[in-house]
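Trainee: okay, here's the prediction I keep looking at, along with the sequence it came from:
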Amino acid sequence: MSQPARHRVGVLLEQRNLSPAETLARAGLADELGVDSQWLVQLPNQRDSVVLLAAMAARTGRSGIGSAILPLYSRPPVVMAHTALTLDELSGGRFTLGLGLGHRGVGEWMVGAGTTPPAVAGTREYLQITTSLIRDGEVSHDGKWFSGHASYTGPRRDGLAVHVGAFGPKLLELAGELADGAILWMCTPGYVREHAVPALRRGLGRRADGRYPGGAGFEVAVVLNAAVTPEPEADRAGFHRYLSAYLRVPTYRRLFTASGFGAQVGAGRPDDEMVRALTAIGAAENLRSRMDDYAAAGATRMLISPTVSAHFDTDRFAGTLRGGLG
């Protein structure tokens, strides 16, 4: 992928322990501060992020808005495309659809969406239907796992992008082949450089539609948990507790092992080295330096995820974004 002179800076918002009014206030503040884009997380036990994204579209006017991510099990592919097209119209052409496989246990047991398809085969069919409807305004596809026969009569924008949230090589290859970008989470700069970017390039090399020649214009968005704070040790301790839950999830265990944290995965608990590698907590200079590391590894957009005290405290939330924006 071609590298811009300076990576763009967005923010990843979480609803955790915030009211809708507080979440929208953060969105308005981030818009005023000048972030490039705002992305909303969807967890299975939270409010529907699509509804909040619609409210964010009305609350903001400058920054792009996006989903990071909407799980495949939450909507059939035709409905996902209609959702994206509607949000794009509401936002005045500022929406980016970020979707991903989600977790098997959530889709099958918690949501009751049926048997989860094989990751690559199922996501391929889903993307083919969703991107066809978004790009062409119609689709007719019969697949083993997903089918769709529909059209869309509302306004459509040619530039409405579809990003895939993934970090495994096979799904990243698929993102390069069919999507407009990838969203990476809990990845170190080394993992981005050595695993993610090569996989995306392999997928880009298989594109049949002529989009993104040489990778130019293909988005690589990296989420970075960050806090500009005078109490870095307290925030690192808080993130240590947060990270511990991920070490119980098989997909993240594989990611962390590939990132060089096999000992921590084997022990079942993170350490200070792992926390520091996956965050930018402390001074603003530290945050900007880490963002430069990701840009050098191949990131084209940084999504700052204000963590621990920067999530709960509005002043530190704003200070963290200002630190990243420079």
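Mentor: Here it is on my side, so go on.
Trainee: CA atoms for contacts and neighbours, from now on please.
Mentor: Noted.
Trainee: excluding sequence neighbours, find me the nearest residue to residue 97.
Mentor: residue 162 (4.8 Å; Cα to Cα, 6 or more residues apart in numbering).
Trainee: and the one you found, how far from residue 94?
Mentor: 12 Å (Cα to Cα, to the nearest Å).
Trainee: quick one: average pLDDT of stretch 287-300?
Mentor: Stretch 287-300 shows a mean pLDDT of 97.
Trainee: sorry, that was for stretch 102-111
Mentor: Averaging pLDDT along stretch 102-111 gives 58.
Trainee: circling back: so which of residue 162 and residue 94 has more stuff around it?
Mentor: residue 162 (27 against 21; other Cα atoms under 10 Å).
Trainee: residue contacts, that one?
Mentor: 96-99, 131, 179-181 (Cα atoms under 8 Å, 6 or more residues apart in numbering).
Trainee: what about those residues, which are in strands?
Mentor: 96-99, 181 (DSSP state E).
Trainee: could I get those as CSV with pLDDT, distance to residue 81 and neighbour count?
Mentor: Shown next, in CSV, are the ones in strands among the contacts of residue 162 (pLDDT from 0 to 100; distance: Cα to Cα, whole Å; neighbours: other Cα atoms under 10 Å):
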residue, pLDDT, distance to residue 81, neighbour count
96, 98, 11, 25
97, 98, 9, 25
98, 98, 11, 25
99, 97, 11, 23
181, 98, 16, 25
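Trainee: in the stretch 1-150 of the chain, which spans are strands?
Mentor: 8-13, 37-40, 64-67, 70-71, 95-100, 138-142, 147-151 (DSSP state E, counting those that start in this stretch).
Trainee: and those as JSON lines, adding distance to residue 206?
Mentor: Below are those laid out as JSON lines (distance: least, Cα to Cα, whole Å):
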{"stretch": "strand 8-13", "distance to residue 206": "27"}
{"stretch": "strand 37-40", "distance to residue 206": "29"}
{"stretch": "strand 64-67", "distance to residue 206": "26"}
{"stretch": "strand 70-71", "distance to residue 206": "25"}
{"stretch": "strand 95-100", "distance to residue 206": "20"}
{"stretch": "strand 138-142", "distance to residue 206": "21"}
{"stretch": "strand 147-151", "distance to residue 206": "23"}
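Trainee: look up phi and psi at the residue nearest to residue 97.
Mentor: Per-residue torsions, residue 162: phi -120, psi 120 (degrees, to the nearest 10).
Trainee: buried set for the top helix by length along the chain?
Mentor: The residue-count maximum for a helix in the chain (DSSP state H) belongs to helix 119-136. Using 16 or more other Cα atoms under 10 Å as the test for burial, helix 119-136 gives 122-135.
Trainee: closest one of these to residue 76?
Mentor: residue 126 (8.2 Å; Cα to Cα).
Trainee: tell me which residues touch the closest residue to the closest one other than its chain neighbours, please.
Mentor: In space, residue 126 comes closest to residue 77 once its chain neighbours are excluded; the distance is 5.7 Å by Cα to Cα, 6+ apart. Counting by Cα under 8 Å, 6+ apart, residue 77 makes contact with 126-127, 129-130, 146-148.
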